[in-house]
Structure formats: structure tokens, C-alpha cells
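J.: show me how the following folds:
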Amino acid sequence: MSTTVVIDCFPESASAYGGGYAVVAVDVIRATTTAVTGVALGRECFVASTIEAAVALEARLTDPLLVGELGGSMPYGFHLQNSPAALAQRTDIHRPMVLLSTSGTQLIAEAKNAAAVYVACLRNYRAQAAHLAAHHAEVAVIGAGSRGEFREEDQLCCAWIAEELVRAGYTPKDANTAEIIERWTRADLEAITRGKSAEYLRRTGQLKDLEFITTHIDDLRDVFRIEGGRVVRLRSRLEAASHRATDQASVSR
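T.: Numbering: from 1, shown residues only. Next up is the predicted model:
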């Protein structure tokens, strides 16, 4: 069976990947990093594509934490910006999170035709790739984009996931995918700190998020899948392998 990977961008592109495709939504600065961080800490996370959807979720959840931004600004009545750094500092993990963002959560919503939808970021790119290689033959890694641009940080993360798949035997679906992999797998991580998203964080005094993102690279062995509008944490192949190694070491002792 042939295995292929394609890199694409923007929420409106996601609906084109149906059938057997697994879609990986990537919005490094900041929606998917925020979602992954919250769920990794044990918090429930529900994804809203519109302010109306966020309000509807708020009404049916117990004491939810409203997190997100629209056009860069935190909506009225929300508790927290789309900030992984700020979220990581909170101790109220019993409160379910409703996450809304301009592009990232839109991308997740538009991927409804896919066989499976995952959210990934630099924190779990390698675990995500390992899981895809074990379970899906056709993969679309899609960057959320911002203001009509495929931002540097999303290109880099998409390329890193796709490169892991190529190493596992996948074939780039098109020349654009091959070119992005070639360009960004050789790039230094510092490249994302020079992009427009990073500049926005600097301009608005949100440098803690940039620091958080650039210092949390491949530190999670988890995979995060969308199930019924909720981000669900799955055990990845890497985590399973780590557990097996630990168990074997315990037995040998």
C-alpha cells in the first residue's frame, strides 16, 4: 500500500481532504500549542470555531475557562488570551477549556471530512509522526496560516512532521510538499523568531509565549486527536515503546 504526505495551508483547504486522509492541524503560534499544553496537563479542551459556538459550549459546561483570540484580541467575557505560557501556569485544571482562535480552531472545524483529525505543534511533532506512520496511509499536514500567509513557524512544524514520515517511507504528494520539507528541515529553530507571528508577540508584550514555544520542543510523547469537538490525548507509539522499555528493565532487575 502506498503512503503519501502532503503539506497544505489555511482553514479553507482542510475540507478538501476527506476519505482516507488523516489531517494534522498545526498552529504553532498559538492555538495548537495552547490546546496540546492544556490537555497534556490534564485539562479538558473543547474547540470552538466561532464565538457563537464558544458561548454554546460555555452554557453546557461546568465552570469553563474561555481561552482564545479573534483578530489577535481576547473576546469580551473570555478569561485568557490564546497563551500556552499563561495556561501552563494555572492550577485550575478541573475547569474545562473552551478554545477559540482566528485560524487554528477554524482549521480544525473545516477538517470535518477527514478520516481522523489531530492537533500538533513543536512539542509533539515526533510523537505525532510516529502515530501517523502506524495508523494512516494518507496524511495532510495543514498549517493554519494568518492574514493570508503560511507563517514560518507552521511551515517548520509541518515540514518536521512530514520529514519524519518521509524517513518512515512516505512519499511527498507534490513538488510543493517536497520543497517545504527540503527548505525547513534544514532551518534553524531561530528562524521562527524572526517571522511576523513572533514580531506580533513582541509588539504586544507577549514574549513569554514565544519563549515557551521555542523552549518546549519534542518534550511530549503524546498524540492529540479531535473526537466530538474535544481534544483527546492518545498514547503514541513513542510513549508505548518507552513504557515497554521501562517494563522490560524492571523485569530484568
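
J.: what is the neighbour count of Ile51?
T.: When neighbours are defined as other CB atoms under 10 Å, Ile51 has 16 of them. C-beta coordinates here come from the backbone N, C-alpha and C atoms, glycine included.

J.: list the contacts for it?
T.: The contact partners of Ile51, by CB atoms under 8 Å, 6 or more residues apart in numbering, come to Leu70, Pro75, Leu100.

J.: for ChimeraX, what selects the buried ones among the residues you listed?
T.: Typed into ChimeraX, the line below selects the buried ones among the contacts of Ile51, using 16 or more other CB atoms under 10 Å:
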select :100
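
J.: so which of the contacts of Ile51 sit within strands?
T.: Judged by DSSP state E, the subset of these located in strands is Leu100.

J.: can you lay out the contacts of Ile51 as CSV showing pLDDT and distance to Ala31?
T.: Putting the contacts of Ile51 into CSV (pLDDT from 0 to 100; distance: CB to CB, whole Å) gives the following:
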residue, pLDDT, distance to Ala31
Leu70, 95, 12
Pro75, 96, 14
Leu100, 98, 9
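
J.: Val36: which of the contacts of Ile51 is nearest?
T.: Val36 lies nearest to Leu100 out of the contacts of Ile51, by CB to CB, at 16.0 Å.

J.: quick one on the thing from earlier: using CSV, lay out the contacts of Ile51 together with distance to Gly38.
T.: As requested, the contacts of Ile51 are exported to CSV (distance: CB to CB, whole Å):
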residue, distance to Gly38
Leu70, 19
Pro75, 18
Leu100, 13
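
J.: now, among the contacts of Ile51, which is nearest to Ala54?
T.: Closest to Ala54 out of these is Leu100 (4.7 Å), distances taken as CB to CB.

J.: give the contact list for that closest one.
T.: Contacts of Leu100 (CB under 8 Å, 6+ apart): 48-51, 53-54, 66-70, 75, 78.

J.: and if we set it to 6 Å?
T.: Listed by CB atoms under 6 Å, 6 or more residues apart in numbering, the contact partners of Leu100 are Ala48, Ala54, Gly68.

J.: same thing with Leu41?
T.: Ile93.

J.: if I look at it, how far off is Val231?
T.: 12 Å (CB to CB, to the nearest Å).

J.: pLDDT weak spots in the chain?
T.: For the chain, the stretches with pLDDT under 70 are 236-253.

J.: in space, what's closest to Ala207 - neighbours in sequence excluded?
T.: Small correction: residue 207 is Leu, not Ala. Leu201 (5.9 Å; CB to CB, 6 or more residues apart in numbering).

J.: repeat for Val28
T.: Val28 sits nearest to Glu153 (CB to CB, 6+ apart), 4.0 Å away.

J.: from the contact counts, what lies against the helix or strand where that neighbour lies?
T.: Per DSSP states H and E: Glu153 is located in helix 152-167. Helices and strands touching helix 152-167, by 3 or more CB pairs under 6 Å, 6 or more residues apart in numbering; DSSP states H and E, are strand 4-9, strand 21-26, helix 125-135, strand 138-143, helix 175-184.

J.: how about those in TSV, adding mean neighbour count and distance to Ile192?
T.: Putting the helices and strands packed on helix 152-167 into TSV (neighbours: other CB atoms under 10 Å; distance: least, CB to CB, whole Å) gives the following:
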stretch	mean neighbour count	distance to Ile192
strand 4-9	24	15
strand 21-26	29	12
helix 125-135	23	13
strand 138-143	28	12
helix 175-184	16	10
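
J.: the ones you listed: which one's closest to Ile108?
T.: Of all the helices and strands packed on helix 152-167, strand 21-26 comes closest under CB to CB, at 4.9 Å.
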